[in-house]
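J.: need a structure here:
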Amino acid sequence: MAKASLEINKLILPVYIGVTSEERKEKQQVEINIKIDFITIPLGCESDKIKDTFCYENIVNIIRTLCNDQEFHLIEHLGSIIHKTIKSNLPSCELTVKLCKKPKIENLEGNCCFTIYYTNSSL
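T.: Predicted coordinates:
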């Protein structure tokens, strides 16, 4: 049985995010990664027509609008909002959303990341 997925990796967007108002004064770079697992192979695989699949530019624009329009305290909350919004447009797909940011924590060299996903059996 064939399976298909679409990934959008390293979408970097400036977001007002942070627990304190001081932390939210300036936008921080948040890396957003999306994985869409299709339950059935998109018709676009055969037809070669954009109308038979979901345009990833549309997904990016949806996420960009969400990030521009509001302020967030937690990447967990932002991840949940992104997940719910995309899932409402792709109800029959399994979806994973991963967000990463580099907080100002002494000795932390890497990012802190949060991943949210539901399988169809957990909805």
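J.: what lines up beside the longest strand anywhere in the chain in the sheet?
T.: Across the chain, the longest stretch assigned as strand under DSSP state E is strand 4-17. In the sheet, strand 4-17 lines up against strand 28-38 (antiparallel), strand 71-72 (parallel) (DSSP bridges).
J.: So which of those strands is nearest Ser92?
T.: Nearest of those to Ser92, taken as C-beta to C-beta: strand 28-38 at 8.1 Å. (C-beta placed from N, C-alpha, C; glycine too.)
J.: Buried ones in the closest one, by neighbour count?
T.: By neighbour count with 16 or more other C-beta atoms under 10 Å, strand 28-38 contains the buried residues 28, 30-38.
J.: and Gly110, which of the strands paired with strand 4-17 is closest to it?
T.: The nearest among the strands paired with strand 4-17, by C-beta to C-beta, is strand 28-38 at 11.5 Å.
J.: was I right about Ile12 contacting Val30?
T.: Yes. Because the distance of 7.3 Å satisfies C-beta atoms under 8 Å, Ile12 is recorded as touching Val30.
J.: Mind listing residues that contact the helix or strand where Ser88 lies?
T.: According to DSSP states H and E, Ser88 maps onto helix 75-89. Residues from elsewhere that reach helix 75-89 (C-beta atoms under 8 Å, 6 or more residues apart in numbering): 15, 17, 30, 32, 34, 36, 54, 58-59, 62-63, 66-67, 72, 93, 95, 97-101, 112-118.
J.: switch the cut-off to 6 Å
T.: Contacting residues not belonging to helix 75-89 are listed as 63, 72, 95, 97, 99, 101, 114, 116 [C-beta atoms under 6 Å, 6 or more residues apart in numbering].
J.: Val30 versus Thr85, what's the distance?
T.: 15 Å (C-beta to C-beta, to the nearest Å).
J.: Please apply the same query to Lys101.
T.: 5 Å.
J.: Also Ile116?
T.: 14 Å.
J.: Kindly report the same for Ile59.
T.: 16 Å.
J.: do His83 as well
T.: 14 Å.
J.: Over to Leu66?
T.: 11 Å.
J.: swap in Gln70?
T.: From Gln70 to Val30 the distance is 13 Å (C-beta to C-beta).
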